[in-house]
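Enquirer: Here is my input; please provide its structure:
(chains A and B)
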Amino acid sequence: MQLGDARVGKWPINLLGFARALRRSGVPVDSAKIALSLQAAVAVGLEQKADLKAALSCVLINRLEDRAVFHELFEAYFKDPQVANQLLAQMLPTAQGEALANTRKPRVNEALNPKRAQDVQNKNNQPDKEQEFELDAAMTASDLVRLRQSDFGALGAEEFKLVQRLAMQIPMILPTYATRRQRASRAGRGLNWPQTFRQALKTEGEFLVLPKRGPQRQPLPLMIIVDISGSMERYARLLLAFLHQATVQYPKREVMVFGTGLTRLTPIFQRADPDEMLQGVNDTVKDFAAGTLLGRSLMELKARHPRTLVARKSVVLLITDGLDTGESAELDVSLQWLKRHCKSLCWLNPLLRFEGYQPLAKGASLLDRYADAKIAIHNLTHLEQLAKALARVVSSKRE
Amino acid sequence: MMSVDGLIAALRAQGYEADRATATSVYLSLVLGRPLLLEGEPGVGKTELAKALAKVLGRSLLRLQCYDGLELRDALYEWNYAAQMLHLRAAGVHDAQQSLVPNLEQEVYQSKYLIRRPLLQALEAPEPGAVLLIDEVDRADEPFEAFLLEYLGEYQVSIPELGTIKALTKPVTILTSNRTRDLNDAVKRRCLFHWMDYPDRERELSILRTQVPQASEALSEQVSRIVNKLRSAPFADAFSRAPGIAESVEWARALVALNTLVVDPEVLGDTAGILFKQREDVAQLLPMSASLLSPDE
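Expert: Numbers count the residues shown, from 1 in each chain, chains lettered A, B, ... in the order given. Model prediction:
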């Protein structure tokens, strides 16, 4: 079947359009997949919509996280005529009164409506600017325990791409340790049989050289502890989205956030879709933008999740400004415990606002004393800077 | 080749209840000749599907269980070094005076000294070919995925000493993954992808009927209802892992063995260890038993 073949009507063109819309929404779809999807559609036939959907899904999608986007887009694209009208009503600004409540993901909407993506972006930018002013005045700590739920929205297409690009371009390289897997290695102990034989054949069957093999190395387990107190409020959403993408290749990854208490986000970080992850954070975190009680949170870690730290192997990445409002004795004890139970403690201070900063506040000075590696960023404006600093602090403790 | 409906019926005849989307993906994998990557929670029947498919197609099933540190020599081929060494020694005694390096190399790397592992066995399987199950591919590490690329893309492997070995009959290849980590895009691009969900209640019930025929209809229905509840919203959040199909079948068998007619809180407590394998999960289950056992909406 070829594009433009009169016998098949506009079907291939429709499918091409659908695949391209899918690509616009951030799902990787290449031409080979589109060609294969045509074959698949011919194989299962067009009689049953459910079959067609299953066929297209198993060809075009290869990540679980893309399934929800595929589902919504498929339903919107190959819809009943009635729903089509409603969808059209959604897209036309003049007919807004008759539109259905829009529950699609922002990425799906932008993919269905590419021309207006720019407008959406502009609209999104403005509130951000206003927020910046607010934050500059919000550098005070308080003893009050305010309980609040975060209200992170799903990522827009641009944000999604930015986070994915940064995660790809700025690799977080963890130190490694020896595993059970064997590799050709001069320092190894076992004999590398294939190479030994190849060498022996060169010397008429005499075993003169005995190449060795030894264990291969693997990244250490990673534990990320992120401050989501009031002062970190503005960065938390994109920071979490970035960490979610950038550390995805590390199977042994634990994620905790703390404000006035500790919340374990590891199961939520296993959701591959960043939007679902953010939604999960919204549902789980109860102390968003509250005070900072690092000591108490670490005590909670010790009491409730002691196994999450792999003794003497875990690399702990602590992201906080160190403006702790709890008891300093408690913080001291808990930091000592943390230090004893991990391989290295890396502290990233993302909110350092002025030159010549000294870690004088009690919390900050304790962190300064116990951290194996520390990095502070002046004047954080871009996620990119933060990403680079994170990569730097993690890899600074390489063996 | 049959149709999607035909495939569902054929799988059912082998005791495997496939939903339509799953059957469609298997059908496409057969028609298009592509490997099929099945992902899903543990215990949703990924491995069973491959077994049933092998029976349907009348092909032999070759299974490669992946694990951390799996090497090429365990998956593809290995030379029989001991035999090769004997060969070398024998050759050395006979022709001690002559230089025979080029010959020797050919003699040592003969296919009779090749130990064939599952991937190579699948390629060399005689008509009607084989079904190759690469199980839990996410347990192997990333370098191993690179070994798979040539096989998945072209159904061939290159052995430096022997050349390229191409499949006689394309093996039907099924990869399964529990998503303990993300697979490489290069592997995924070469495969069709299907996410296997937990079955709906109807399908679970018919699975129970086929797998545990001794259970009464009422008991099967109760089991499928309770397990279904455990997997859905208010209950599922309390557990670290929801019970799969394998667990519900095991549970039904256990209940039959205990001569249970109706599940009550006491029986549920006694057999909780079959549904959940974590102490915390079992502890969570007990307080819920009343609301779990209540007949629903």
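Enquirer: What is the burial count for residue 112?
Expert: No chain was given, so I picked chain A. Neighbour count for residue A:112, taken as other Cβ atoms under 10 Å in any protein chain shown: 20. Using the backbone N, CA and C atoms, a C-beta is placed for each residue, glycine as well.
Enquirer: Chain B was what I was after
Expert: For residue B:112, the neighbour count with other Cβ under 10 Å is 7.
Enquirer: got it, and residue A:330?
Expert: There are 16 residues near residue A:330, going by other Cβ under 10 Å.
Enquirer: ok, it touching residue A:296?
Expert: Yes. With contact defined as Cβ atoms under 8 Å, residue A:330 counts as touching residue A:296 (6.4 Å).
Enquirer: Show me the strands in the stretch 201-350 of chain A, by range?
Expert: A:212-219, A:222-227, A:253-258, A:262-264, A:315-319, A:344-352 (DSSP state E, counting those that start in this stretch).
Enquirer: May I see those strands organised as TSV, with mean neighbour count and distance to residue A:32 added?
Expert: Listed next are these as TSV, based on neighbours: other Cβ atoms under 10 Å in any protein chain shown; distance: least, Cβ to Cβ, whole Å:
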stretch	mean neighbour count	distance to residue A:32
strand A:212-219	17	32
strand A:222-227	24	35
strand A:253-258	23	32
strand A:262-264	20	41
strand A:315-319	25	39
strand A:344-352	22	41
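Enquirer: would CSV of the ones you listed with distance to residue A:172 and mean pLDDT be doable?
Expert: Converted to CSV, the strands of the stretch 201-350 of chain A look like this (distance: least, Cβ to Cβ, whole Å; pLDDT from 0 to 100):
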stretch, distance to residue A:172, mean pLDDT
strand A:212-219, 9, 84
strand A:222-227, 8, 89
strand A:253-258, 10, 90
strand A:262-264, 20, 88
strand A:315-319, 9, 86
strand A:344-352, 11, 77
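Enquirer: Which of those strands sits closest to chain B?
Expert: Chain B sits nearest to strand A:212-219 of all the strands of the stretch 201-350 of chain A, at 7.7 Å, using Cβ to the nearest Cβ.
Enquirer: Quickly run through the sheet partners of that closest one, with directions.
Expert: As defined by DSSP bridges, the strand partners of strand A:212-219 come to strand A:176-184 (antiparallel), strand A:190-191 (antiparallel).
Enquirer: mind checking how far the last one is from the chain centre?
Expert: Strand A:190-191 has its C-alpha centroid displaced from the chain centroid by 40 Å (Cα atoms, centre = their mean, to the nearest Å).
Enquirer: Contacts for that strand next, please.
Expert: Strand A:190-191 has contacts (Cβ atoms under 8 Å, 6 or more residues apart in numbering or on different chains) with A:182, A:210-214.
Enquirer: per-residue confidence at residue 74?
Expert: Using chain A here. On pLDDT, residue A:74 comes in at 90.
Enquirer: wait, chain B
Expert: 88.
Enquirer: so what's it closest to, chain neighbours aside?
Expert: Once flanking residues are discounted, residue B:74 sits nearest to residue B:117: 6.1 Å by Cβ to Cβ, 6 or more residues apart in numbering or on different chains.
Enquirer: Close to chain A: what parts of the stretch 51-200 of chain B are there?
Expert: Contact residues (Cβ under 8 Å from any Cβ of the partner chain) of the stretch 51-200 of chain B with chain A: B:68-69, B:71, B:73, B:79, B:81, B:84, B:88-89, B:91-92, B:99-101, B:104-105, B:108, B:141, B:143, B:179-182, B:185, B:188-189, B:191-195.
Enquirer: Derive a ChimeraX selection command for the buried subset of those residues.
Expert: Only the buried entries of those go into this ChimeraX selection, using 16 or more other Cβ atoms under 10 Å in any protein chain shown:
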select /B:69,71,79,84,88,91,100,104,108,141,179,181,182,188,189,191,192,193,194,195
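Enquirer: Next step: the residues of the stretch 51-200 of chain B next to chain A restricted to helices.
Expert: B:73, B:81, B:84, B:88-89, B:91-92, B:101, B:104-105, B:108, B:143, B:185, B:188-189 (DSSP state H).
Enquirer: From these, which one has the minimum pLDDT?
Expert: Lowest pLDDT of these: residue B:101, 53.
Enquirer: Quick one: residues contacting residue A:200.
Expert: Residue A:200 is in contact with A:206-209, B:88, counting by Cβ under 8 Å, 6+ apart.
Enquirer: what's around residue 233, how many residues?
Expert: Just so you know, I chose chain A. Neighbourhood size, residue A:233 [other Cβ under 10 Å]: 20.
Enquirer: you looked at the wrong chain, it should be chain B
Expert: The tally of other residues near residue B:233 (other Cβ under 10 Å) stands at 7.
Enquirer: How about the one 5 residues further on?
Expert: With neighbours defined by other Cβ under 10 Å, the count for residue B:238 comes to 14.
Enquirer: With the one 10 residues further on instead?
Expert: One way to gauge burial is a neighbour count; for residue B:248, by other Cβ under 10 Å, it gives 28.
Enquirer: Give me the helices and strands touching the helix or strand hosting it, please.
Expert: Here residue B:248, judged by DSSP states H and E, is contained in helix B:245-257. Packing partners of helix B:245-257 (3 or more Cβ pairs under 8 Å, 6 or more residues apart in numbering or on different chains; DSSP states H and E): helix B:201-211, helix B:217-231, helix B:272-275.
Enquirer: Identify each buried residue in it, please.
Expert: By neighbour count with 16+ other Cβ under 10 Å, helix B:245-257 contains the buried residues B:245, B:247-256.
Enquirer: and if you look at stretch B:277-286?
Expert: Result for stretch B:277-286 [16+ other Cβ under 10 Å]: buried residues B:281, B:284-285.
Enquirer: any idea how far the residue nearest the centre of chain A lies from chain B?
Expert: Residue closest to the mean C-alpha point of chain A, counted by Cα atoms, centre = their mean, is residue A:244 at 1.9 Å. Residue A:244 sits at a distance of 12 Å from chain B (criterion: Cβ to the nearest Cβ, to the nearest Å).
Enquirer: which residues does that residue contact?
Expert: A:269, A:274, A:277.
Enquirer: What is the burial count for the last one?
Expert: Spelled out, that is residue A:277. Around residue A:277 sit 25 other residues, with neighbours defined as other Cβ under 10 Å.
Enquirer: same thing with residue A:291?
Expert: Residues near residue A:291, counting by other Cβ under 10 Å, number 20.
Enquirer: The helix holding residue B:248 vs helix B:201-211, what angle?
Expert: Angle, helix B:245-257 to helix B:201-211, by axes from the mean of the first three to the mean of the last three Cα atoms, to 10 degrees: 60 degrees.
Enquirer: Just the C-alphas of helix B:245-257, formatted as PDB.
Expert: Taking C-alpha atoms only, helix B:245-257 is exported to PDB below (Å, rounded to 0.1, in the frame of the first residue of the first chain):
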ATOM      1  CA  ILE B 245      -2.900 -13.900  38.400                       C
ATOM      2  CA  ALA B 246      -0.400 -16.500  39.500                       C
ATOM      3  CA  GLU B 247      -1.200 -15.700  43.200                       C
ATOM      4  CA  SER B 248      -5.000 -15.800  42.700                       C
ATOM      5  CA  VAL B 249      -4.700 -19.200  41.000                       C
ATOM      6  CA  GLU B 250      -2.500 -20.400  43.900                       C
ATOM      7  CA  TRP B 251      -4.900 -19.000  46.400                       C
ATOM      8  CA  ALA B 252      -7.900 -20.700  44.800                       C
ATOM      9  CA  ARG B 253      -6.000 -24.000  44.800                       C
ATOM     10  CA  ALA B 254      -5.100 -23.500  48.500                       C
ATOM     11  CA  LEU B 255      -8.800 -22.800  49.400                       C
ATOM     12  CA  VAL B 256      -9.800 -26.000  47.600                       C
ATOM     13  CA  ALA B 257      -7.200 -28.000  49.400                       C
END
